[in-house]
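K.L.:
could you look at this predicted model? Sequence included:
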Amino acid sequence: MAERAEIVVVGAGPAGIAAACAARECGRSVRVVDENPHAGGQIWRGELPQPWRTRWEQAAVPMQAGATAFGFAGEQTLLVECEGRAMEIAFERLIVATGARERLLPFPGWTLPGVTGAGGLQALMKSGLDLAGRRVVVAGSGPLLAEAGASLLAAGALVAIVAEQASFRQMIPFLGRIAARRGKWTQALRIASALRKTRYRAGAWPLSVERRDGALSVTLRLGPRREVIECDYLACGFGLLGNTELAQLAGCQVVNGCVVVDEHQRTSVLGIYCAGEPVGIAGVESALAQGLTAGYHAAGREDLATACTPGRDRGRRFQRVLAEAFALRPELKELATPDTIICRCEDVRLGELAGFLTWREAKLHTRCGMGACQGRVCGAALEFVAGMPAASVRPPLVPVSVGVLAGEQ
Ligand SMILES: Cc1cc2nc3c(=O)[nH]c(=O)nc-3n(C[C@H](O)[C@H](O)[C@H](O)COP(=O)(O)OP(=O)(O)OC[C@H]3O[C@@H](n4cnc5c(N)ncnc54)[C@H](O)[C@@H]3O)c2cc1C
């Protein structure tokens, strides 16, 4: 028999936590599902800061941890895989707060061991990887690069350079915005002060990486010249991409990679809300404001939801500034050679994809996107490099065992 809650929240990052607390405080029955073992999402990772820790503890929302939402059984029942078995959770309203992942772009050598995402290496470090004395190159794009560089330095890593592909000129409106907000300015000053121990270069990006004599050898484009740097890790991510797949599977409208919502975070599907990074990349404050808006509105408190709109609107403006400041330069589309692997799950190279006009065609002929990540990495890469939009999503969203599917049958 399906479990049941009035409001089900998928994702226990800042957006999901805020939504669940808001709905619970309004007296609704709420259930949270997250594939991670702890609440907190990418930024907090189980260590909720105040006042959210107290609010989350007091709300005491039942949470199914280590549980991945992978589909729907009918319009109002979520399918979840947990500890190797399928669960059904029936809902009246669903809040999708599934966050974002790093955008990884292909260039020669990007699949070598030791090449990770920028946030990915930071996450490994937070989970116990000792980077003291290890040589690291941080490259790619977005505010997360500087944040990752600063935290790697604090952990004793020898960060040779932080290479940001956007030009300094392009980033000026973003820096202006940061300077105007006291909380963000303090955070930026902390990061800038930490980065004094390394080089931060705008208009710089990786061209290729090789493994030589046990070390990585990264060739970077630094303005008009090239530089080769030896390191143990290349931490490289080109911004974030919202995890829109669950919302898409539910039939919600998605435009330019963002779930479309109204001023109360309602999607195009009745009873389904979306909050946080799937709506657009805008940082933690925006995720919290959107989560509160969605939670209050789903709980029937439109007045409280409307009171959150100033924070939500600020986040939407920041989202636009962020997108323009870190827009990817066209040169990055030319980095992959015909021999470069595009789909790392199925070992499909760029040359094998030549001539296909659609993702579906490419998938059927080469298995590109049919591996464990289900196109989450190569789909975005191919869209950027070859302008080939990823195919529509299908259940199950993530690979689940036949036993789980059979249990569901
Ligand atoms: C790798 C990475 C590192 C980051 N590091 C920082 C940082 O150091 N500092 C910073 O300011 N910002 C960081 N960010 C950005 C930060 O995540 C956002 O600013 C903000 O916290 C997003 O909140 P959210 O609730 O929308 O998403 P998230 O915090 O990403 O939370 C989404 C949650 O949904 C869960 N989820 C997703 N899909 C499913 C599913 N199908 N079933 C069940 N659960 C699911 C995830 O496990 C996750 O816990 C990082 C982002 C990434 C991707």
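P.N.:
That came through, no problem.

K.L.:
so Gln319 belongs to a helix, correct?
P.N.:
Yes. Assignment of Gln319 by DSSP: H, G, I helix; E, B strand; the rest coil places it within a helix.

K.L.:
okay, now Asp262: neighbour count?
P.N.:
10 (other Cβ atoms under 10 Å). From N, CA and C alone the C-beta is placed, and that goes for glycine too.

K.L.:
check Val255 too.
P.N.:
Look at Val255: counted by other Cβ under 10 Å, it has 7 neighbours.

K.L.:
for Ala2, same thing?
P.N.:
Ala2 is flanked by 14 other residues according to other Cβ under 10 Å.

K.L.:
thought it was touching Thr77?
P.N.:
Yes. Ala2 lies in contact with Thr77 (Cβ atoms under 8 Å); the separation is 5.7 Å.

K.L.:
mutual contacts of these two, please.
P.N.:
Jointly contacting Ala2 and Thr77 under the rule Cβ atoms under 8 Å, 6 or more residues apart in numbering are Glu88, Ile89, Ala90.

K.L.:
now restrict these to buried residues only.
P.N.:
Neighbour-count burial (16 or more other Cβ atoms under 10 Å) is assigned, among those, to Glu88, Ile89, Ala90.

K.L.:
list the ones among those residues that fall in strands.
P.N.:
Among the buried ones among the shared contacts of Ala2 and Thr77, DSSP state E puts Glu88, Ile89, Ala90 in strands.

K.L.:
distance of the last one from Glu75?
P.N.:
Using Cβ to Cβ, to the nearest Å, Ala90 is found at 10 Å from Glu75.

K.L.:
ok, of the shared contacts of Ala2 and Thr77, which one's closest to Glu164?
P.N.:
Distance to Glu164, by Cβ to Cβ, is smallest for Ile89 among these, at 41.7 Å.

K.L.:
related to what we said a few turns ago, can you tell me which of the shared contacts of Ala2 and Thr77 is nearest the ligand?
P.N.:
Using Cβ to the nearest ligand atom, Ile89 is the member of the shared contacts of Ala2 and Thr77 that lies nearest the ligand, at 11.3 Å.

K.L.:
Asn166 reaches Ala323, doesn't it?
P.N.:
Let me fix one detail, which is that residue 166 is Ala and not Asn. No. If you go by Cβ under 8 Å, Ala166 and Ala323 don't touch, sitting 11.1 Å apart.

K.L.:
tell me which of the two has more neighbours.
P.N.:
Ala166 (22 against 16).

K.L.:
with adjacent residues omitted, what lies nearest to the more buried one?
P.N.:
Spatial nearest neighbour of Ala166, chain neighbours left out: Phe326 (5.1 Å); criterion: Cβ to Cβ, 6 or more residues apart in numbering.

K.L.:
give me the distance between the residue of the stretch 201-350 of the chain found nearest the ligand and Val96.
P.N.:
Scanning the stretch 201-350 of the chain for the residue nearest the ligand gives Gly276, at 2.3 Å (criterion: Cβ to the nearest ligand atom). Look at Gly276 and Val96: by Cβ to Cβ, they are 9 Å apart.

K.L.:
quick check: neighbours shared by these two?
P.N.:
Common contacts of Gly276 and Val96 (Cβ under 8 Å, 6+ apart): Gly11.

K.L.:
can you confirm whether stretch 86-99 lies near the ligand?
P.N.:
Yes. Stretch 86-99 reaches the ligand (Cβ under 6 Å from any ligand atom) through Ala97, Thr98, Gly99.

K.L.:
any idea which of those is closest to the ligand?
P.N.:
Distance to the ligand, by Cβ to the nearest ligand atom, is smallest for Gly99 among the residues of stretch 86-99 next to the ligand, at 2.1 Å.

K.L.:
and the closest one, what does it touch?
P.N.:
Taking Cβ under 8 Å, 6+ apart, one finds Gly11, Gly13, Ala15, Gly41, Gln42, Gly242, Asn243, Gly276, Glu277, Pro278 in contact with Gly99.

K.L.:
residues contacting Gly149?
P.N.:
Taking Cβ under 8 Å, 6+ apart, we find Gly149 in contact with Val138, Val159, Val162, Ile191, Ala194, Leu195, Thr198, Tyr200.

K.L.:
same question for Val260.
P.N.:
Here Val260 is in contact with Cys252, Gln253, Val254, Thr267, Ser268 (Cβ under 8 Å, 6+ apart).

K.L.:
now swap in Leu234 and tell me
P.N.:
Leu234 touches Gly114, Val115, Thr116, Val136, Val137, Ala139, Pro206, Val209, Leu216, Val218, counting by Cβ under 8 Å, 6+ apart.
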